[in-house]
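**Q** Got a predicted structure here, sequence first:
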Amino acid sequence: MNLENKRVLVREDFNVPIREGIIQSDLRLKAALPGLQAILSQKPAKLILMSHLGRPTEGTIDETLSLKPVASRLSELLQQAVAFHPAATEALSSVFSHDEQIILLENVRFNQGEKKNEPALSKKLAALCDVFIMDAFATAHRVQASTYGVAEYAPLVCAGPLLVKELNGLSAAFKNPAKPLLAIIGGAKVSTKLGVLSHLLTKVDQLIIGGGMANTFLSAKGFPIGHSLCEVDRLPEAKQLLVDAKKQGIDILLPHDVTVGQTFSEDAAAVIKSIDAVGENDVILDIGPSTLTEYQHCIANAATILWNGPVGAFELTPFAKGTMGIAQAIAESSAFSIAGGGDTLAAIEKAGVLSAISYMSTGGGAFLEYVEGKCLPGIDILEARGKHP
């Protein structure tokens, strides 16, 4: 697409962790750089960037969720000034008063109408550009003004290179994966990933369930879990999933030893216990060394690996060994590996093995919905506009 002298609006995923105005990880900014540099090489008249950050109350300005620090960091990464535009929707058109070629809009979720994909906001965003580029795979599952509505009204629309790269990477893992296919699904809650787990039973050869999710399955099998996180109301579904997996000949692996603490704390004493020896005051915060060895063996024998979610509280040093060990094993594996989700990428970064993972998806919810086999509206609208401009 010819972008010379065009006003180009790009929906990015700059939802990065920011603490007291300091960006904690700029992985998502760096992932967007090749696409931005490709656009700038065509000398557009204006490059306008938009993204969300966190989950603010719509219509309310929350300074702790401002994208201002992102503008500063992007200026450094691009070695070119990135102007920050703090105005609300009513003043969006004033972006053209900036002399800078690149402008970052304030958090789109501050705008009334973003979440409900209101046409009024969608049209205001579309009016900013000659070309709209959707390059935020992580938000492609949202029907919102900045992801879907703007693509309905913009003069021309297309997918960005990062979005295409994400889809190609996921296709390689799911359309015709090398076997055996191993999925490692962790995280806190079973309720958010039940659909994913059910769908994976039709795809994988082995399924490792870790993190807080594993506690619900362990409880469903009758093991004591003490004060550990557990979704009691999801026990029937967990039991049924175990039954379904057995019928289909799929191995679901759960911890047989765990690392427990008395509190969720950096100072908590880490104690290794067999899964049948967890006390009533214990909190399961990581897998144990014997379980890690078993999981590493599975990883070494896999041809394709999908990883979403840590297997323990890796942010706490005493309980990071399981997740770090899995990251290292995947890095050393010859398998095609794809990892997705913010916590997973943070764990990989902490383990220092970023370059050894075959493909890292910056998408969280969109990644899971793709894995679940669902349609992604942000991609559907691009395909629809491609057929009927």
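**A** Cool, the structure landed. Numbering: from 1, shown residues only.
**Q** Ala120 sits in which helix or strand?
**A** helix 119-126 (DSSP states H and E).
**Q** same question for that helix, mean pLDDT?
**A** Helix 119-126 comes out with an average pLDDT of 94.
**Q** Now that helix: buried residues?
**A** For helix 119-126, the neighbour count (16 or more other Cβ atoms under 10 Å) marks 121-122, 124-126 as buried. All C-beta spots, glycine's among them, are computed from the backbone N, C-alpha and C.
**Q** Over to stretch 176-192?
**A** So for stretch 176-192, counting by 16+ other Cβ under 10 Å, buried means 177, 180-188, 190.
**Q** Dump the residues you listed to CSV, plus distance to Val95.
**A** As requested, the buried residues of stretch 176-192 are exported to CSV (distance: Cβ to Cβ, whole Å):
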residue, distance to Val95
Pro177, 44
Pro180, 51
Leu181, 46
Leu182, 47
Ala183, 43
Ile184, 43
Ile185, 42
Gly186, 41
Gly187, 38
Ala188, 39
Val190, 44
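**Q** if we take those residues, which one ends up nearest to Glu20?
**A** Proximity of the buried residues of stretch 176-192 to Glu20 (Cβ to Cβ) peaks at Ala188, which lies at 24.9 Å.
**Q** So the closest one, which state does it fall into?
**A** Ala188 falls in the coil class when you classify it by DSSP: H, G, I helix; E, B strand; the rest coil.
**Q** Please report how far Gly59 lies from Phe110.
**A** 7 Å (Cβ to Cβ, to the nearest Å).
**Q** ugh, wrong one, Leu253
**A** From Leu253 to Phe110 the distance is 44 Å (Cβ to Cβ).
**Q** So those two - more neighbours on which side?
**A** More neighbours surround Phe110 than the other of Leu253 and Phe110, with 23 against 17 (other Cβ atoms under 10 Å).
**Q** Next up, the contacts around that one.
**A** Neighbouring residues of Phe110 by Cβ atoms under 8 Å, 6 or more residues apart in numbering: 56, 58-62, 65, 88.
**Q** run the last query once more with 6 Å
**A** Going by Cβ atoms under 6 Å, 6 or more residues apart in numbering, Phe110 touches Ile61.
**Q** that older thread, how far does the helix or strand that the helix holding Ala120 is followed by sit from the chain's center?
**A** Using DSSP H and E, the helix or strand that follows helix 119-126 in sequence is strand 131-134. Centre-to-centre, strand 131-134 and its host chain are 21 Å apart (Cα atoms, centre = their mean, to the nearest Å).
**Q** circling back: show me what the helix holding Ala120 is packed up against.
**A** Helices and strands touching helix 119-126, by 3 or more Cβ pairs under 6 Å, 6 or more residues apart in numbering; DSSP states H and E, are helix 150-153.
**Q** pretty sure Asp286 belongs to a helix, no?
**A** No: using three-state DSSP, the assignment for Asp286 is strand, not a helix.
**Q** Not counting sequence-adjacent ones, nearest residue to it?
**A** Gly312 (3.1 Å; Cβ to Cβ, 6 or more residues apart in numbering).
**Q** and the one you found, how many neighbours?
**A** Gly312: 30 neighbours (other Cβ under 10 Å).
**Q** Relative to Asn5, how far out is Lys247?
**A** 61 Å.
**Q** nope, Ile381 is what I meant
**A** 26 Å.
**Q** try Pro310
**A** Taking Cβ to Cβ, one finds Pro310 at 47 Å from Asn5.
**Q** What of Leu92?
**A** From Leu92 to Asn5 the distance is 21 Å (Cβ to Cβ).
**Q** neighbour-wise, which of those two wins?
**A** Ranked by neighbour count (other Cβ under 10 Å), Leu92 and Asn5 place Leu92 first, with 20 against 11.
**Q** list the contacts for that one?
**A** Contacts of Leu92 (Cβ under 6 Å, 6+ apart): Lys124.
**Q** helix, strand or coil for it?
**A** helix.
**Q** State the pLDDT value of it.
**A** pLDDT, read off for Leu92, is 71.
**Q** repeat for Asn168
**A** Reported pLDDT for Asn168: 86.
**Q** which stretch of helix or strand covers it?
**A** Assigned by DSSP H and E, Asn168 falls in helix 161-174.
**Q** Mind giving me the packing neighbours of the helix or strand just after that helix?
**A** Later in the chain than helix 161-174, the nearest helix or strand by DSSP H and E is strand 181-185. In terms of contacts (3+ Cβ pairs under 6 Å, 6+ apart), strand 181-185 is packed against strand 206-209, strand 304-308.
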